[in-house]
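Enquirer: Got a sequence here, can you model it:
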Amino acid sequence: MLQKHKVFELVDCPQNRKVIKNRWVFDVKSDGCKKAHLVAKGFSQVKGLDFDQVFSPVMRFETVHLMLAVAALENWYITGLDVQSAYLYGKLDEEIYMEQPEGFAVPRQEHKVLHFWCALYGLKQAGLAWWRTLDESLKELGFERLKSEAGIFFYKKKGTNIVIGIIYVDDALFCSPNKAVVDAIKVQFMRKWEFRDLGEPNEFLRMRITHKGCAIHLDQCVYLQKVVERCGMLNAKSTSTPLPAGYYAAKNTEPVDVDLRSCFQTVIGSLLYLMLGTRPDIAFAVTHLSRHAANPSQDHLNKALYICHYLIGTSTYSLVYNGGSGAGLIACTDSDWGSDPTSCLSQTGFYLKLADGLISWTSRAQKTIVYSSTEAEYMALSDCARQVTWIRSFLGELGYKLKAIPICGDNQGSIFMASNPVTEPRSKHIDIHYHGICESVMKGNVELFFIDGAENPADLLTKNLSRKKFAKFRAQLGLQFPSGSI
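Expert: You can find the predicted model right below:
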C-alpha cells in the first residue's frame, strides 16, 4: 500500500538526522474486517524540526445529529463512503525519515531509511496533512466548506440539487434529494481516492443507523455491549435511573490511587462517548461524575458502574428523528441554583430538538457563583441562545431561512430580563457575554416562552430525579422505548 501510493523513497540516512521508529498495529473493525497498520512512533518527533502545526478540525456529534434530522425531514437519500488509508494521501511539508518496518526491510539495503513524501499514521501532523489534501480536493470537485462547521461540505450548482458531505477524518456521509447526483459525485471521488462504497450506511462514528420508513434511528448497542463486557457486568441487574435520586458526588480528599483512577477514567470515558452519541438521558450523571476524574474515590467508581446498570436495562434504546412529524426546532433550558454544596456553583441544562428528536444537549456546571435562581436561569438561557445562533448560521449557509426559534424556560424573571434589556440592580453585575441573549431576542432570532417547572424536560439535565419524574421527561427526548425496557 505504501509503495502503491508512492508515500516514501528509500535513501541513505542524512548525517545528524534523527530517524523515527515504527511498529505494527493490528485491529479488528466493527464489521469483522482485520487490518494491519504500520504506525510511526510520532512521540519521538522534534517540534520545529519534524513538525510545526498539528491541529486538524473534526466534526462534532451534534452536527451529525442535526444533519440526520434534516435528512429525515427532507426525505433525503443518504450514502456512505470510507476512504482507504486516508492519511497516505496527505502531502508533507517537512522532511521525515523513518526506519524500515520490521519484516519488510529491503535485502542488502537494511541500513537505508524511508524518506516520506506523504503522511503516515502516527505522525503528529498526519491528520492535518490529510485534512488539507481533502479540503483542496473537494474544492476541485465543486464543494464548498461551511464556515460554521469545518466537517460539512456542500455542492450546489445551478440546475442541480444540493449535495451535503458529512466528513469525519476518513468516514463520509453524503446526503441529497437526488440519488443520481450523488452517484455522479462518487465516480469523481473514485478517480481521486481509493474508497469503500458503503451504500446506505449502517454505521457512522460507532452509531448504528437504521431507516424505518421516514424515520432515522440511532443507537450504540454494539459499543455499549463492549463497554459492559469490559466492565465485567454482562450478568448485572438493571436500575431505573442513572444515579440514585438526590445523590451528590463529594470531592475525594484522600491521596490519588493510580489504579483506581485509571479504572474510573476508562469507565467514565466510555460513558462520555455514549452520552455524546445517542444517550442524553445519562448526560447529567456522566458529567457530574467526570468532574472527579483527576482523583476519584471508590464511591465515584461504584456510581459510574451504577450508570452501567441503568444502561444494561435500556441497551436497546435508540434516538429517533421522525421525518413524518414535520416538527421544527425548539429548545428547552433549565438550571439548578447552587446545586453544588462544595463550590456553590449552579447547574445548567438545555437541549435543542428537531424532527421530534434531540440534536444537541448540554449538562454542565456554571463557571461563576450566582446570587439568585433568576440569574442562574438567565445564564442558562444565554448559553442555549448561543447554541441556537450557531444552528441558525449553520442552516443559513445551507439555504434555510428560519423564523424565531422558540426557547422554553421555567423562570419568569429570567425571561423578563432577556426580553427587556435594562440595567437593574439584580443584573448589572452579570458578565457582559451573558447579555447576548438580549440581542438574540431583539433581532428576532429567538423567542422566549414560559413553561411550568413540573413540565420542563430540561430538568433531567440538571439533577438526579426520582424514577417517576425521570421516566416522564425521558420519554420527551426522542428516545424510543422498546417493549420490555425500563
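
Enquirer: Quick check: chain neighbours aside, which residue is closest to Leu114?
Expert: Phe8 (4.2 Å; CB to CB, 6 or more residues apart in numbering). Backbone N, C-alpha and C define where each C-beta goes, glycine included.

Enquirer: and the one you found, what does it touch?
Expert: Neighbouring residues of Phe8 by CB atoms under 8 Å, 6 or more residues apart in numbering: Leu2, Met98, Leu114, His115, Phe116, Trp117, Cys118.

Enquirer: Look up which residues are beta-bridged to it.
Expert: Phe116 (DSSP bridges).

Enquirer: quick one, domains of this protein?
Expert: 8-205, 219-313, 327-480 (automatic domain parsing).

Enquirer: Just put those in a markdown table and tack on mean pLDDT.
Expert: A markdown table is the format used below for the domains of the chain (pLDDT from 0 to 100):
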| stretch | mean pLDDT |
| --- | --- |
| domain 8-205 | 89 |
| domain 219-313 | 95 |
| domain 327-480 | 91 |
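
Enquirer: could these go into TSV alongside distance to Leu319?
Expert: Listed next are the domains of the chain as TSV, based on distance: least, CB to CB, whole Å:
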stretch	distance to Leu319
domain 8-205	8
domain 219-313	5
domain 327-480	6
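
Enquirer: do you know which of those domains lies nearest Gly213?
Expert: domain 8-205 (9.9 Å; CB to CB).

Enquirer: How far off centre is the closest one?
Expert: Put simply, domain 8-205 sits 18 Å off its chain's centre (CA atoms, centre = their mean, to the nearest Å).

Enquirer: which residues of the stretch 301-450 of the chain fall in strands?
Expert: Per DSSP state E, counting those that start in this stretch, the stretch 301-450 of the chain carries strands over the ranges 318-322, 330-336, 347-354, 357-365, 405-409, 446-450.

Enquirer: May I see those strands arranged in CSV, with distance to Gly213 and mean neighbour count as well?
Expert: Shown next, in CSV, are the strands of the stretch 301-450 of the chain (distance: least, CB to CB, whole Å; neighbours: other CB atoms under 10 Å):
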stretch, distance to Gly213, mean neighbour count
strand 318-322, 9, 24
strand 330-336, 23, 26
strand 347-354, 18, 25
strand 357-365, 14, 23
strand 405-409, 27, 23
strand 446-450, 31, 17
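
Enquirer: ok, back up a step: so which of the contacts of Phe8 wins on neighbours?
Expert: Leu114 (24 neighbours; other CB atoms under 10 Å).

Enquirer: Quick check: which of the strands of the stretch 301-450 of the chain is nearest to Lys463?
Expert: Of all the strands of the stretch 301-450 of the chain, strand 330-336 comes closest under CB to CB, at 5.0 Å.

Enquirer: Now do that closest one: everything it contacts.
Expert: 346-354, 366, 373, 376-377, 379-381, 383-384, 387-388, 405-411, 446, 451, 453, 456-459, 461-463.

Enquirer: Extract the CA atoms of that strand and return them as PDB.
Expert: Written as PDB, here are the backbone C-alpha positions of strand 330-336 (Å, rounded to 0.1, in the frame of the first residue of the first chain):
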ATOM      1  CA  ILE A 330     -37.400  24.000  19.600                       C
ATOM      2  CA  ALA A 331     -35.200  24.400  22.700                       C
ATOM      3  CA  CYS A 332     -35.700  23.900  26.400                       C
ATOM      4  CA  THR A 333     -33.500  25.200  29.200                       C
ATOM      5  CA  ASP A 334     -33.200  24.900  32.900                       C
ATOM      6  CA  SER A 335     -30.800  25.400  35.800                       C
ATOM      7  CA  ASP A 336     -30.400  24.200  39.400                       C
END
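
Enquirer: the inter-axis angle of it versus strand 357-365?
Expert: 20 degrees (axes from the mean of the first three to the mean of the last three CA atoms, to 10 degrees).

Enquirer: Sheet partners, orientation included, of strand 330-336?
Expert: strand 347-354 (antiparallel), strand 405-409 (parallel).

Enquirer: ok now that strand, how far from the chain's centre?
Expert: That offset, for strand 330-336, works out to 20 Å (CA atoms, centre = their mean).

Enquirer: do the same with stretch 223-239
Expert: For stretch 223-239 - counting by CA atoms, centre = their mean - the centre lies 23 Å from the chain centre.

Enquirer: Let me see the backbone angles for Cys118.
Expert: phi -120, psi 170 (degrees, to the nearest 10).

Enquirer: on that earlier part again, got the strands of the stretch 301-450 of the chain as CSV, with distance to Trp76 columns?
Expert: As requested, the strands of the stretch 301-450 of the chain are exported to CSV (distance: least, CB to CB, whole Å):
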stretch, distance to Trp76
strand 318-322, 12
strand 330-336, 22
strand 347-354, 14
strand 357-365, 16
strand 405-409, 22
strand 446-450, 27
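
Enquirer: what's the closest of these to Gly127?
Expert: strand 357-365 (24.9 Å).

Enquirer: helices or strands next to the closest one in the packing?
Expert: helix 61-74, helix 283-290, strand 318-322, strand 347-354, helix 373-397 (3 or more CB pairs under 8 Å, 6 or more residues apart in numbering; DSSP states H and E).

Enquirer: most distant residue from the middle of this protein?
Expert: Arg108 (48.9 Å; CA atoms, centre = their mean).

Enquirer: and Phe189, which of the three is it?
Expert: Following DSSP: H, G, I helix; E, B strand; the rest coil, we place Phe189 in the helix state.

Enquirer: Skipping adjacent residues, who's closest to it in space?
Expert: Closest to Phe189 by CB to CB, 6+ apart is Phe195, at 6.4 Å.

Enquirer: Distance check, the one you found against Ile167.
Expert: To Ile167, Phe195 is 12 Å away according to CB to CB, to the nearest Å.

Enquirer: Those two: who's more crowded?
Expert: Legend: neighbour count by other CB under 10 Å for Phe195 and Ile167, higher for Ile167 (24 against 18).

Enquirer: Doesn't the more buried one belong to a strand?
Expert: Yes. Counting by three-state DSSP, Ile167 falls inside a strand.

Enquirer: In space, what's closest to it - neighbours in sequence excluded?
Expert: Once flanking residues are discounted, Ile167 sits nearest to Gly151: 5.2 Å by CB to CB, 6+ apart.

Enquirer: what's near enough to touch that neighbour?
Expert: Pro57, Val58, Met59, Arg60, Thr63, Ile166, Ile167, Tyr168.

Enquirer: a markdown table please, covering the residues you listed and showing distance to Lys212.
Expert: Below are the contacts of Gly151 laid out as a markdown table (distance: CB to CB, whole Å):
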| residue | distance to Lys212 |
| --- | --- |
| Pro57 | 33 |
| Val58 | 29 |
| Met59 | 25 |
| Arg60 | 25 |
| Thr63 | 23 |
| Ile166 | 20 |
| Ile167 | 26 |
| Tyr168 | 24 |
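
Enquirer: right, and the secondary structure at Cys24 would be what?
Expert: Careful, residue 24 is Trp; it's not Cys. Per three-state DSSP, Trp24 ends up strand.

Enquirer: For Gly478, give me its contacts.
Expert: Leu319, Val320, Tyr321, Lys353, Asp356, Gly357, Leu358.

Enquirer: can you do 6 Å?
Expert: Leu319, Val320, Asp356, Gly357, Leu358 (CB atoms under 6 Å, 6 or more residues apart in numbering).
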